[in-house]
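Asks: sequence and predicted structure, then a few things I'm wondering about:
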Amino acid sequence: GLGLSYKKDENFGEWYSEVVVSGEMIEYYDISGCYILRPWAMSIWEILQTFFDAEIKKMKIKNSYFPLFVSPAVLQKEKDHIEGFAPEVAWVTKSGDSDLEVPIAIRPTSETVMYPYFSKWIRGHRDLPLRLNQWCNVVRWEFSNPTPFIRSREFLWQEGHTAFATKEEADEEVLDILELYRRIYEEFLAVPVSKGKKSELEKFAGGLYTTTVEAFIPNTGRGIQGATSHCLGQNFAKMFEINFENEKGEKAMVWQNSWAYTTRTIGVMIMTHGDDKGLVLPPKVATTQVVVIPVPYKDANTQGIYDACAATVKSLNESGIRAEADFRDNYSPGWKYSHWEMKGVPLRIEIGPKDLANNQVRAVRRDNGAKTDIPVANLVEQVNDVLDSIQQNLFETAKQKREACVQVVKTWDEFAEALGQKKLILAPWCDEEDVEKEVKTRTKGEMGAAKTLCSPFDQPELPEGTLCFASGKPAKKWTYWGRSY
Ligand SMILES: O=C(C[C@H]1NCCC[C@H]1O)Cn1cnc2c(c1=O)CCCC2
Ligand SMILES: [Mg+2]
């Protein structure tokens, strides 16, 4: 088909909506905010799921499945957890044409579904730690602009819910899971993220503290929450009476965590690496890492070329590389080059008469277009090297682009200017909530207000006497600020 009609650096929003469809990841659906995940997207989700599921199983976390439906009584149990979110809860009110006695909520998250049973199952310290995960969909009836993968009314995620006897164990797991989220972004999706803590205002209201991996989209100058790992403290244990008899025979409340990443990960990857020719998939998550295309020329040994393509796919697959050939005889090689570039396949291999004669293949990289001739004898080794190089190059390029967007500011004027320049702002802050609220008020506008994204664990040096950029009070920490998704 034809190329994209929008350019990434000129019409980012339209470019994104077009590339997810042209790359055959998404099909729009007739209910607003809902999208069809086509196989080209689903296979990326499955690759991430395979990694994460194996890692949490190493941590003795078990998968379970709880009902989609939540009774209203239990949903409203946790006041400050729900009041801010109530408008987003979707309700079932009828079955057939008769009204339900009591409307039933569709899970927007599963704390209130699970924790009455945590209370029932946890009696003594030998029942701890209880560590469950579920892979499921959740529904949140969002109203702000729906965006495929980034913000949808139904999305896929995993949600982990764990309970411990001590805070120390909970604190440790929060960071173990956050490191897995960093690996998902940096090692698989080639997206740089900052690990940090959410402010009191931005954290999950039902919890004690929230840690996060924050990404950044240079084109829009917006931060985006990549995944969150929360320590809930004993808040939900108090609400749902999740107590246990500790080793001294005393009754104690458990310490809990909850953590999630979602299909938003795929959207962040697309926004980060995509270009004006289409998707650019990091090899680690590419459904097809290598596409092999025959380039027959008149009647020059066409069968030989086809056989060479099949043999190439076979030896790549046998070495664990996800390769496939495009033998369709109703499309030209040129059409196929554009098609697979649109779908973001990291490496294309062309085999024509000359390649056949020289017992080599022509490899073309999707990230930088570089072409190399690879002798068939070195095929697997050199293809693996090129794929690793593409993965690394995508990450380094994204890291440099992100770092170029970071602006350190010391004063309000510098902050306001950096915000106007779509920067990711790093500023010294007094860590006072009303100052944060005031910044939101002062930066309100149709682009959305600035907010804290996270206070990075990796804190730059904060010289004695440094003042908060907004309040002029003594600064307590460096914090990332910006507009966000
Ligand atoms: O879902 C969480 C916290 C927690 N839920 C479990 C996984 C980790 C983490 O996301 C926060 N949250 C967000 N959004 C909503 C709710 C909500 O609790 C409840 C009602 C509807 C919308
Ligand atoms: Mg929300």
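Replies: Cool, the structure landed. Residues are numbered from 1 along each chain as shown. Ligands and ions are numbered 1, 2, ... in the order given.
Asks: what about the residue lying closest to Lys277 once chain neighbours are set aside, how many residues close to it?
Replies: Excluding the flanking residues, the one nearest Lys277 by Cβ to Cβ, 6 or more residues apart in numbering is Glu341, at 4.7 Å. To be clear about C-beta, it is placed using only N, CA and C from the backbone, and glycine gets the same treatment. For Glu341, the count of nearby residues is 21 (other Cβ atoms under 10 Å).
Asks: phi and psi next, for Glu341.
Replies: phi -70, psi -40 (degrees, to the nearest 10).
Asks: you'd agree it is up against Asp275?
Replies: No: if you go by Cβ atoms under 8 Å, Glu341 and Asp275 don't touch, sitting 9.2 Å apart.
Asks: so Gln289 sits against Glu324, correct?
Replies: No: applying Cβ under 8 Å as the test, Gln289 and Glu324 come out as separate, 9.4 Å apart.
Asks: okay, those two: which has more neighbours?
Replies: Neighbours of Gln289 and Glu324, each counted by other Cβ under 10 Å, are more numerous for Gln289; the result is 25 against 16.
Asks: ok, the more buried one - contacts?
Replies: Neighbouring residues of Gln289 by Cβ atoms under 8 Å, 6 or more residues apart in numbering: 283, 321-323, 345-347, 387.
Asks: let me know the closest of the residues you listed to ligand 1.
Replies: Pro283 (29.4 Å; Cβ to the nearest ligand atom).
Asks: would you mind listing what in the stretch 151-300 of the chain touches ligand 1?
Replies: 159, 204, 228, 230, 258-260 (Cβ under 6 Å from any ligand atom).
Asks: what residue in the stretch 251-400 of the chain comes nearest to ligand 1?
Replies: For the stretch 251-400 of the chain, Cβ to the nearest ligand atom, closest residue to ligand 1: Ala260, 3.5 Å.
Asks: got the contact list for the helix or strand hosting that residue?
Replies: Assigned by DSSP states H and E, Ala260 falls within strand 255-262. Residues outside strand 255-262 that contact it (Cβ under 8 Å, 6+ apart): 48, 52, 109, 111, 155-167, 169-170, 173-174, 177-178, 181, 184, 204, 207, 226-234, 236-237, 242.
Asks: how many residues are close by the nearest residue to Lys251 once chain neighbours are set aside?
Replies: Ranked by Cβ to Cβ, 6+ apart and with sequence neighbours excluded, the top spatial neighbour of Lys251 is Asn243, at 5.2 Å. For Asn243, the neighbour count with other Cβ under 10 Å is 17.
Asks: Asn243 against Gly124, yeah?
Replies: No: assessed by Cβ under 8 Å, Asn243 is found out of contact with Gly124, at 10.0 Å.
Asks: follow-up on the earlier one: please list the members of the contacts of strand 255-262 that lie in helices.
Replies: 48, 52, 111, 167, 169-170, 173-174, 177-178, 181, 236-237 (DSSP state H).
Asks: list buried residues within the residues you listed.
Replies: Listed as buried from the ones in helices among the contacts of strand 255-262 are 48, 52, 111, 169-170, 173-174, 177-178, 181, 236-237; burial here means 16 or more other Cβ atoms under 10 Å.
Asks: format the residues you listed as JSON lines; extra columns: pLDDT.
Replies: Below are those laid out as JSON lines (pLDDT from 0 to 100):
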{"residue": "Leu48", "pLDDT": "99"}
{"residue": "Phe52", "pLDDT": "99"}
{"residue": "Glu111", "pLDDT": "96"}
{"residue": "Glu169", "pLDDT": "98"}
{"residue": "Ala170", "pLDDT": "98"}
{"residue": "Glu173", "pLDDT": "99"}
{"residue": "Val174", "pLDDT": "99"}
{"residue": "Ile177", "pLDDT": "99"}
{"residue": "Leu178", "pLDDT": "99"}
{"residue": "Tyr181", "pLDDT": "99"}
{"residue": "Phe236", "pLDDT": "96"}
{"residue": "Ala237", "pLDDT": "98"}
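Asks: of these, which is the nearest to ligand 1?
Replies: Glu111 (6.0 Å).
Asks: contacting residues for the residue lying closest to Gly352 once chain neighbours are set aside?
Replies: Counting by Cβ to Cβ, 6+ apart, the nearest residue to Gly352 once its immediate chain neighbours are dropped is Val295, at 3.7 Å. Residues in contact with Val295 (Cβ under 8 Å, 6+ apart) are 305, 333, 350-353, 355.
Asks: of these, which belong to strands?
Replies: If you go by DSSP state E, those have 350-351 in strands.
Asks: can you say which of the contacts of Val295 are buried?
Replies: 305, 350-353, 355.
Asks: of all the residues you listed, which two lie farthest apart?
Replies: Glu350 and Pro353 (11.2 Å; Cβ to Cβ).
Asks: quick revisit: got the buried ones among the contacts of Val295 as CSV, with distance to Cys405 columns?
Replies: Shown next, in CSV, are these (distance: Cβ to Cβ, whole Å):
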residue, distance to Cys405
Ile305, 46
Glu350, 37
Ile351, 41
Gly352, 42
Pro353, 47
Asp355, 42
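Asks: any idea which of these is the one closest to Thr220?
Replies: Closest to Thr220, out of all of the buried ones among the contacts of Val295 and judged by Cβ to Cβ, is Glu350, at 36.0 Å.
Asks: looks like the closest one contacts Val361 (just checking).
Replies: Yes: counting by Cβ under 8 Å, Val361 is a contact partner of Glu350 at 7.1 Å.
Asks: how about low-confidence regions in the chain?
Replies: Counting by pLDDT under 70, the chain shows low-confidence ranges at 1, 79-81.
Asks: repeat the analysis, applying 80 as the threshold.
Replies: 1-2, 78-85, 299 (pLDDT under 80).
Asks: helices along that one, start to end?
Replies: Going by DSSP H, the chain shows helices at 12-22, 39-58, 72-75, 79-82, 111-121, 167-183, 235-240, 264-273, 302-318, 333-342, 353-357, 379-405, 412-420, 433-442.
Asks: buried sites along the first one?
Replies: For helix 12-22, burial by neighbour count (16+ other Cβ under 10 Å) applies to 12, 15-20, 22.
Asks: as JSON lines, the residues you listed with distance to ligand 1 would be great.
Replies: Shown next, in JSON lines, are these (distance: Cβ to the nearest ligand atom, whole Å):
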{"residue": "Phe12", "distance to ligand 1": "26"}
{"residue": "Trp15", "distance to ligand 1": "29"}
{"residue": "Tyr16", "distance to ligand 1": "23"}
{"residue": "Ser17", "distance to ligand 1": "24"}
{"residue": "Glu18", "distance to ligand 1": "29"}
{"residue": "Val19", "distance to ligand 1": "28"}
{"residue": "Val20", "distance to ligand 1": "24"}
{"residue": "Ser22", "distance to ligand 1": "31"}
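Asks: pick the one among the residues you listed closest to Leu419.
Replies: Among the buried residues of helix 12-22, and counting by Cβ to Cβ, the member closest to Leu419 is Phe12, at 17.6 Å.
Asks: isn't the closest one up against Arg222?
Replies: No: using Cβ under 8 Å, Phe12 is not in contact with Arg222; the gap is 10.1 Å.
Asks: from the chain's centroid, how far away is stretch 199-210?
Replies: Offset of stretch 199-210 from its chain centre (Cα atoms, centre = their mean, to the nearest Å): 20 Å.
Asks: any idea which of the helices of the chain is most buried?
Replies: Stretch with highest mean neighbour count among the helices of the chain: helix 264-273 (a mean of 24; mean count of other Cβ atoms under 10 Å).
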